[in-house]
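Q: got a structure for you, letters missing:
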């Protein structure tokens with residue numbers, strides 16, 4: 001086993017990201033990345049530091065023929081239980097990335113459908129109230145609500161289907177992994193190739209969410225001059241459409257990028273973050289309940305979408321609190 005693989009193995013066993021290891025060594029993350037990619041070799045001083053940090057001998061680090069580290073002392077386990085480390089082969093990693101690609105498209109489409117679901121209800125109610133369609137307002141509301149529920153049901157079906165398909169890869173989030181030789185290089189190569197697309201999709205998605213209110217503001221101004229009762233409903237519909245498209249791009253690229261991070265155990269998928277993210281599903285379930293409850297009780301869909309960016313900001317604080325709790329244990 002070469003030095004690069006030993007650094008990767010021991011960093012992951014201790015649950016550190018590249019950034020965390022770099023901070024302990026007083027170097028940049030790029031330096032650690034080059035060491036792990038066998039593009040550079042740490043100097044003697046850094047090898048001595050690595051030996052102390054990992055609790056292994058320098059012979060183990062610099063001699064390729066020594067595969068095991070008998071003197072290695074692993075960092076204490078946070079929950080007091082023995083941790084399981086599972087090996088991930090090249091075939092498993094490739095299959096996961098392919099499944100994650102499909103999941104990113106399906107789940108992001110489902111999220112977009114949930115945001116768009118009230119559009120038919122809003123338009124039908126407004127068209128019926130001003131007499132543009134020969135239908136009582138109550139009937140229009142019932143039909144619009146039925147369409148809304150059908151769209152949400154389809155979206156939930158997509159979520160469940162992808163959840164079942166991805167069940168065989170759940171271990172990537174639940175336990176620590178040790179990738180076989182060559183896997184890290186393959187994943188990093190794909191991640192680097194996708195980096196520009198990821199940035200572009202993320203920027204466009206955020207911009208669309210920010211400007212989603214512009215059509216509503218513009219239509220409101222036109223309404224005052226033309227006195228059209230239909231324009232506000234159209235403004236809300238355009239707001240939701242822009243927001244839905246923007247959120248779809250953000251979710252799609254975040255899931256795809258998250259797939260690379262899972263295999264590399266970086267970003268939100270370091271060993272510390274895995275423990276801290278144990279209750280993420282509950283957090284987002286509560287956020288969804290708040291959004292739907294507020295939306296249905298107030299019927300102010302043009303405002304309730306603000307739940308999602310607020311939930312996103314609060315999620316960062318929630319994660320930091322959870323990480324502090326895990327560290328204290």
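A: Yes, it's here. Note that this is a predicted model, so its numbers are computed, not measured.
Q: Go ahead and list the helix or strand containing the nearest residue to residue 207 once chain neighbours are set aside.
A: Distances taken as C-beta to C-beta, 6 or more residues apart in numbering put residue 246 closest to residue 207, at 7.2 Å, once the chain neighbours are dropped. The C-beta positions use only the backbone N, C-alpha and C, and glycine is treated the same way. For residue 246, the enclosing helix or strand under DSSP states H and E is helix 231-264.
Q: what's the answer for residue 87, then?
A: strand 85-88.
Q: Could you pull out the buried residues of that strand?
A: Buried residues in strand 85-88, counting neighbours by 16 or more other C-beta atoms under 10 Å, are found at residue 88.
Q: Report the mean per-residue pLDDT for it.
A: In this model, strand 85-88 has a mean pLDDT of 76.
Q: Taking their axis directions, the next helix-or-strand element following it and helix 231-264 sit at what angle?
A: For strand 85-88, the succeeding helix or strand toward the C-terminus, using DSSP H and E, is helix 90-116. Interaxial angle, helix 90-116 versus helix 231-264 (axes from the mean of the first three to the mean of the last three C-alpha atoms, to 10 degrees): 170 degrees.
Q: Which elements pack onto helix 90-116?
A: helix 137-165, helix 183-211, helix 231-264 (3 or more C-beta pairs under 8 Å, 6 or more residues apart in numbering; DSSP states H and E).
Q: So which of those has the densest surroundings on average?
A: helix 231-264 (a mean of 21; mean count of other C-beta atoms under 10 Å).
Q: from the middle of its chain, how far away would that one be?
A: 12 Å (C-alpha atoms, centre = their mean, to the nearest Å).
Q: do stretch 17-37 as well
A: With C-alpha atoms, centre = their mean as the basis, stretch 17-37 stands 23 Å off its chain's centre.
Q: which regions of the stretch 151-300 of the chain sit below the pLDDT cut-off?
A: Residues of the stretch 151-300 of the chain meeting the criterion pLDDT under 70: 174, 220-228, 267-281.
Q: ok, back up a step: residues touching the strand holding residue 87, excluding its own?
A: For strand 85-88, the external contacting residues (C-beta atoms under 8 Å, 6 or more residues apart in numbering) are 13, 171-172, 175-180, 183, 263.
Q: which among those end up buried?
A: For these, buried by 16+ other C-beta under 10 Å: 13, 172, 176-177, 179, 183, 263.
Q: So what angle separates the directions of the helix holding residue 246 and helix 137-165?
A: 10 degrees.
Q: Confirm for me that residue 100 is in contact with residue 253.
A: No - with contact defined as C-beta atoms under 8 Å, residue 100 does not reach residue 253; the gap is 11.8 Å.
Q: and the residue with the largest distance to the centre of the chain, helix, strand or coil?
A: Distance from the centre of the chain peaks at residue 134, with 45.2 Å (C-alpha atoms, centre = their mean). Following DSSP: H, G, I helix; E, B strand; the rest coil, residue 134 is assigned to coil.
Q: mind checking how far it is from residue 146?
A: Using C-beta to C-beta, to the nearest Å, we find residue 134 at a distance of 19 Å from residue 146.
Q: go on, residue 307?
A: Taking C-beta to C-beta, one finds residue 307 at 24 Å from residue 146.
Q: Spatially nearest residue to residue 107 (excluding sequence neighbours)?
A: Nearest non-adjacent residue to residue 107 (C-beta to C-beta, 6+ apart): residue 162, at 5.6 Å.
Q: okay but the one you found is in contact with residue 105, surely?
A: No - proximity of residue 162 to residue 105 does not meet the contact threshold set by C-beta under 8 Å, at 9.5 Å.
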